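Asks: make a model of this:
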Amino acid sequence: MRLEDMREQFPKMPESMKRMIEQEVAVQIGQEKENDNPKVVTYKKRKKKQWHTVCWWHLWWLLWHLQQRSVQVLLTRCIIRRLENMA
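Replies: Numbering: from 1, shown residues only. Here you go, the predicted model:
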């Protein structure tokens, strides 16, 4: 079967259906404006954190844990001294 024969036998797509498909494709790839179509949802891109923000966060976390550890050590020493004084 030749290509020309197939084109003649295959039914033509209505113009309204072509436009509908083009509109749906445009919606799915986000080419339309938000106001034009309420179905279009735009998502905010996640903002990449700056390295200094990450460094400050890690530094804060480290200092907090060191402070907690130092409080534990201090309390343990106080408890040991009290126990030694009681004996």
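
Asks: state the helix or strand in which the residue nearest to the spatial centre of the chain lies.
Replies: Among the residues of the chain, the one closest to the centroid is residue 46, at 5.6 Å (Cα atoms, centre = their mean). Residue 46 belongs to no helix or strand when elements are defined using DSSP states H and E.

Asks: against residue 65, how distant is it?
Replies: 28 Å (Cβ to Cβ, to the nearest Å). For glycine as for every other residue, the C-beta is placed from the backbone atoms N, C-alpha and C.

Asks: and for residue 73, the neighbour number?
Replies: The number of residues packed near residue 73 is 10, by other Cβ atoms under 10 Å.

Asks: again with residue 23
Replies: With other Cβ under 10 Å as criterion, residue 23 counts 13.

Asks: which of the helices or strands spans it?
Replies: helix 15-29.

Asks: and that helix, C-alpha only, in CSV?
Replies: Included here for helix 15-29 are C-alpha records, laid out as CSV according to Å, rounded to 0.1, in the frame of the first residue of the first chain:
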residue,chain,number,x,y,z
GLU,A,15,-10.0,21.4,12.8
SER,A,16,-11.7,21.9,16.2
MET,A,17,-10.1,18.8,17.5
LYS,A,18,-6.7,20.0,16.3
ARG,A,19,-7.1,23.3,18.1
MET,A,20,-8.2,21.5,21.2
ILE,A,21,-5.1,19.3,21.2
GLU,A,22,-2.9,22.3,20.6
GLN,A,23,-4.4,24.1,23.5
GLU,A,24,-4.1,21.2,25.8
VAL,A,25,-0.4,20.7,24.8
ALA,A,26,0.2,24.4,25.5
VAL,A,27,-1.4,24.1,28.9
GLN,A,28,0.7,21.1,29.8
ILE,A,29,4.0,22.6,28.8
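
Asks: for it, what is the average pLDDT?
Replies: When pLDDT is averaged over helix 15-29, the result is 86.

Asks: just give me how far that helix sits from the chain centre.
Replies: Centre-to-centre, helix 15-29 and its host chain are 29 Å apart (Cα atoms, centre = their mean, to the nearest Å).
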